[in-house]
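Participant: return a 3D structure for these sequence lines:
(2 chains)
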Amino acid sequence: MKLLKFLTIFFFLFNFSFLNAQSENESNKITKNLRCLICQGQSIYDSDSEFANSLKILVKEKLEEGLNEKQIYDFLKDKYGEWILYDPEFNKNTYFLWLLPIFIFLLGGAIIFKLFIFRKK
Amino acid sequence: MKSKILPIILFVIFITVFFIFYKGLQNSNIYIPENNIEKKIPSFEVKNFASNKIENSDQIFEHNKFYLFNIWASWCVPCREEHKYLMKLSKENKIQLIGINYKDKYRNAKNFLDELNNPYDKIYTDEDGTISIEWGAYGVPESFLIYNRKIIKKIIGPINKKSLLEIKDIIK
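Facilitator: Sure, this is the predicted structure:
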């Protein structure tokens, strides 16, 4: 009987800490992708400013309310604009940014292909 | 002929990319928030500074009335600078001043108001700073001019002579 009690308590404790760790991971992941707007070059996760600390609390609250990662990003984008996100979304202002590396990569590949492979043949 | 096309294409691409980045260099890399955006006020619940009662945003802001939502703290030095302008504004009867005490101790905030007088019609507390985030604020002091439950003007930093005149001009 004692063993059963012990196991039940152990099971609950283990589960709770597992849940906590999961939401902690989620909130860390989100705050790492948020830019601290009042401190240059730092994420919300890294910064210890008043603004960043409040935002960390808010992200945790929103996760507890049941919002997912994207909903939290949308909420903050509505308040502070897209600048708060480190990962810029794909839209008409950023398509050049997203497509340029792929284009340069393909162009480089084409040059290599033309210079070395065709020439050998 | 064929061998000339590739260098020309490469040259054109290089020039285009160069100019885009060169132009980008001249852009300001300091983030400037928008000040004049008509946005609806967020809905939130907040604790009253004096009575500790929870009130919601619908109770605080009525239609067809001007409100100045001012975020302040006793530890914030620029808040002392703007206080005299808030006192001037409190004499206007067309506008109501709502204060949000940001991450502050009750005693310090009360001492601050006892020392410099209280310009606010209502004061609420934001203990962990989350209400200010709901408003899209960056820190203290920050003020929002509200009409018809819409933010019509945002003042980041302390209110000065110029912004006081602007507010007076709007509420005329």
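
Participant: secondary structure element holding A:E61?
Facilitator: helix A:50-65 (DSSP states H and E).

Participant: hmm, the helix or strand following that helix touching chain B?
Facilitator: Using DSSP H and E, the next helix or strand after helix A:50-65 towards the C-terminus is helix A:69-80. Yes: using C-beta under 8 Å from any C-beta of the partner chain, helix A:69-80 reaches chain B at A:K79, A:Y80. To be clear about C-beta, it is placed using only N, CA and C from the backbone, and glycine gets the same treatment.

Participant: which ones are touching the residue in chain A that chain B sits nearest to?
Facilitator: Minimum separation of chain A from chain B (C-beta to the nearest C-beta) falls at A:S54, amounting to 2.9 Å. Applying C-beta atoms under 8 Å, 6 or more residues apart in numbering or on different chains, we find A:S54 in contact with B:K103, B:D128, B:G129, B:T130, B:S132, B:I133.

Participant: verify the contact between the second one and A:L55 for me.
Facilitator: This means B:D128. No: counting by C-beta atoms under 8 Å, B:D128 does not reach A:L55; the two are 10.5 Å apart.

Participant: give me the more crowded residue out of these two.
Facilitator: Each of B:D128 and A:L55 has its neighbours counted (other C-beta atoms under 10 Å in any protein chain shown); A:L55 has more, 26 against 16.

Participant: what's around the nearest residue to that one once chain neighbours are set aside, how many residues?
Facilitator: Excluding its sequence neighbours, the residue lying closest to A:L55 (C-beta to C-beta, 6 or more residues apart in numbering or on different chains) is A:I44, at 5.0 Å. Close neighbours of A:I44, defined as other C-beta under 10 Å, add up to 27.

Participant: next one: B:K153
Facilitator: Quick note: B:K153 (other C-beta under 10 Å) scores 18 neighbours.

Participant: that one - that's part of a strand, no?
Facilitator: Yes: counting by DSSP: H, G, I helix; E, B strand; the rest coil, B:K153 is found in a strand.

Participant: how much space between B:S43 and B:R149?
Facilitator: Noted for B:S43: a distance of 10 Å to B:R149, by C-beta to C-beta, to the nearest Å.

Participant: could I get stretch A:62-70 in PDB with only the CA atoms?
Facilitator: Taking C-alpha atoms only, stretch A:62-70 is exported to PDB below (Å, rounded to 0.1, in the frame of the first residue of the first chain):
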ATOM      1  CA  LYS A  62      -1.000  33.800 -23.200                       C
ATOM      2  CA  LEU A  63       0.300  30.200 -23.400                       C
ATOM      3  CA  GLU A  64      -1.700  29.400 -20.200                       C
ATOM      4  CA  GLU A  65      -4.800  30.900 -21.900                       C
ATOM      5  CA  GLY A  66      -4.300  28.400 -24.600                       C
ATOM      6  CA  LEU A  67      -3.000  30.500 -27.400                       C
ATOM      7  CA  ASN A  68      -0.500  28.800 -29.800                       C
ATOM      8  CA  GLU A  69       2.800  30.200 -31.000                       C
ATOM      9  CA  LYS A  70       1.400  31.800 -34.200                       C
END
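
Participant: buried residues, it. List them.
Facilitator: Across stretch A:62-70, burial judged by 16 or more other C-beta atoms under 10 Å in any protein chain shown covers A:K62, A:L63.
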